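# need a structure here:
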Amino acid sequence: MMRPLIGIGAIALAMLSCGASAQQRYPLWAHGAPGFEDRADIPEQSQDYWTKHINNPSITAYLPDPKNATGTAIVILPGGGHELLVTTTEGGDVAHWLADKGVAAFVVRYRLFREKGTPYTEEDARADVERAMRTVRARAAEFHIDPHRIGVWGFSAGGELARMVTLSPPVPPQGTPDAIDRVSEKPDFSILEFPGPLHAVEHVTADSPPVLISAANDDKCCSGPAVDVLNEYRAAHASVEMHLYAAGGHAFNMGEDTPLVSLQHWPERVTDWLSDQGLLYHPKPVFVPK
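As a prediction, the model looks like this:
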């Protein structure tokens, strides 16, 4: 269930006093997903590392210490094959890691179109992700982030959705369009971690958002799709960096549960790339000669 909405400042002060990043959950639509409002109060089911039965799509904000904030934000899309969401190692854990580096993180709980008995479609999952991107950008001032420095980080099935929101035309906004739906859903940069094969019609140009890609070569599911994105970017002369590891299989996440040293250092490659993109520090003032 959603926690009541309270002031960002009060939450941040309370959480930071405990040495943790501030957290608060927000529904993407005030009364539930359009067309499914009667399902908004159906409880989610969480166990171990996963969450199912997403009927009221939301974002959970993890805000950094204001003294350390960079103004950069990343929307996180957990994987789970569209049957569940890995809300720990591909969600909250990643968000805490980013917040510690001064990046505001937002974990999306999107609807699952392959869950048994689901009434939802792939288009509903896409609509949730696009609405999440628009919501974060529309509330940039409230979250103290730069609306032009908002990226997306998707894992596996979440990587499929991240690929779509980055490179494909959006689906029509659901319900009656509001002010949030008039805001751009396009990320300013993207991280695709072992993205799955599902994708929509893509249009990659030299101006497509910079992308960082990672996968393990022995990942039968998702190393091929990662290389496909690399080749599309190379053909378009767009900004791309890829780390294709020799081994590691699927879902190495942040290298927290692997004996492979290279994968344990994957988070450092993310830090390197974000730094090279100028996203971990405040932009330098432009020099104007007098």
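# if we ignore the residues flanking it in sequence, what's nearest D257?
T89 (7.8 Å; Cβ to Cβ, 6 or more residues apart in numbering). Any C-beta I mention is one placed from the backbone N, CA and C, and that applies to glycine too.
# I figured the one you found hits F252, correct?
No. Shown here, T89 and F252 do not form a contact pair, counting by Cβ atoms under 8 Å, at 9.8 Å.
# so for the two, which sits in the more crowded spot?
Per other Cβ atoms under 10 Å, whichever of T89 and F252 has more neighbours is F252, with 25 against 18.
# the more buried one: which element?
Using DSSP states H and E, F252 sits within no helix or strand.
# tell me how far T89 lies from W50.
For T89, the distance to W50 equals 10 Å [Cβ to Cβ, to the nearest Å].
# again with P43
According to Cβ to Cβ, P43 and W50 sit 15 Å apart.
# now do L280
Taking Cβ to Cβ, one finds L280 at 30 Å from W50.
# ok so, going back, ok but the residue nearest to D257 is inside a strand, no?
No. With DSSP: H, G, I helix; E, B strand; the rest coil as the criterion, T89 is helix rather than part of a strand.
# which parts of stretch 76-84 are buried?
Within stretch 76-84, the residues that count as buried by 16 or more other Cβ atoms under 10 Å are I76, L77, P78, G79, G80, H82, L84.
# apologies, that question was intended for stretch 28-42.
Applying a neighbour-count criterion of 16+ other Cβ under 10 Å, one finds L28, W29, G32, A33, P34, F36, R39, A40 buried in stretch 28-42.
# residues in contact with the third one?
G32 makes contacts with D38, R39, A40, D41, N55, N56, as judged by Cβ atoms under 8 Å, 6 or more residues apart in numbering.
# among P43 and W50, which residue is more densely surrounded?
Set side by side, P43 and W50 show more neighbours around W50, with 17 against 9, by other Cβ under 10 Å.
# go ahead and confirm the more buried one touches G80.
Yes. W50 is within contact range of G80, at 6.4 Å (criterion: Cβ under 8 Å).
# list residues touching both of the two?
Common neighbours of W50 and G80 (Cβ under 8 Å, 6+ apart) are V86.
# where does the stretch 1-150 of the chain have low pLDDT?
Residues of the stretch 1-150 of the chain that meet the criterion pLDDT under 70 lie in 1-22.
# how about the longest helix along the chain: buried residues?
If you go by DSSP state H, the chain has its longest helix at helix 122-138. Neighbour-count burial for helix 122-138 flags 122, 124-138 (criterion: 16+ other Cβ under 10 Å).
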